[in-house]
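Colleague: whatever this is, show me its structure:
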Amino acid sequence: MDGSPNRRGWEQVTSRVDLWDATTFRPIGEPLTVGGDAGFVEVDRPGGSRLLSSTTTTAGTYMVWDLDPTHWASTACSIAGRNLTQAEWKEFLPGRSYQLTCPQWPAGP
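Modeller: Purely as a prediction, here's the structure:
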C-alpha cells in the first residue's frame, strides 16, 4: 500500500475518540470509534461546546460534536422520532425507572 487515501484498505481505518473533562481530567462516557484516521479537531470558540473533527482519508467524514448535555435528549428525539422502547431502556439505562424522554411521542412498547 502506498499510503494514498484512495487505495484499497483505507476504508478499514478507524480512530478512537475519547472525551475528557478539562476541569477534573476524568474521561466522559465510553470511547467512540469513528471511520477514518485521526485528522484535526477544532472548537467553535474558546469555552464553546461544539467541536468539529475530520479525517485525512476518504474513509472518514467531517463531524460536528455537540458536547452540551442539555441538548442531547432533544437531539436524540429528533433523530429517532420516538421514545425508547422498554427493552432499549433496560439495556441502555439499567436500574432506572422508565420515563418519557420525548414528550411529543407515546411511551415505547
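
Colleague: from now on I want contacts and neighbour counts done on CA atoms only, so please keep to that.
Modeller: Fine.

Colleague: looking at this structure, which helix or strand does the model trust least?
Modeller: strand 41-43 (a mean of 70; mean pLDDT, DSSP states H and E).

Colleague: who are the packing partners of that one?
Modeller: Judged by 3 or more C-alpha pairs under 8 Å, 6 or more residues apart in numbering; DSSP states H and E, the packing partners of strand 41-43 are strand 50-53.

Colleague: give me the helices and strands touching the longest helix anywhere in the chain, please.
Modeller: Counting by DSSP state H, the longest helix found in the chain is helix 69-80. Judged by 3+ C-alpha pairs under 8 Å, 6+ apart, helix 69-80 is in contact with no other helix or strand.

Colleague: chain center to that helix, what's the gap?
Modeller: Taking C-alpha atoms, centre = their mean, to the nearest Å, the mean C-alpha location of helix 69-80 is offset from the chain mean by 11 Å.

Colleague: that helix: which residues count as buried?
Modeller: If you call a residue buried by 16 or more other C-alpha atoms under 10 Å, then helix 69-80 has these buried ones: C77.

Colleague: what lies in contact with the following helix or strand past that helix?
Modeller: Downstream of helix 69-80, the first helix or strand assigned by DSSP states H and E is helix 86-92. Residues from elsewhere that reach helix 86-92 (C-alpha atoms under 8 Å, 6 or more residues apart in numbering): R96, Y98, G108, P109.

Colleague: can you list the domains in this protein?
Modeller: 1-67, 68-109 (automatic domain parsing).

Colleague: worst mean pLDDT among these?
Modeller: When mean pLDDT is averaged over each of the domains of the chain, domain 1-67 scores lowest at a mean of 72.

Colleague: any idea how far the closest residue in space to L67 that isn't next to it in sequence lies from P69?
Modeller: Of all residues not flanking L67 in the chain, S49 sits nearest, at 5.1 Å (C-alpha to C-alpha, 6 or more residues apart in numbering). Distance of S49 to P69, given as C-alpha to C-alpha, to the nearest Å: 9 Å.
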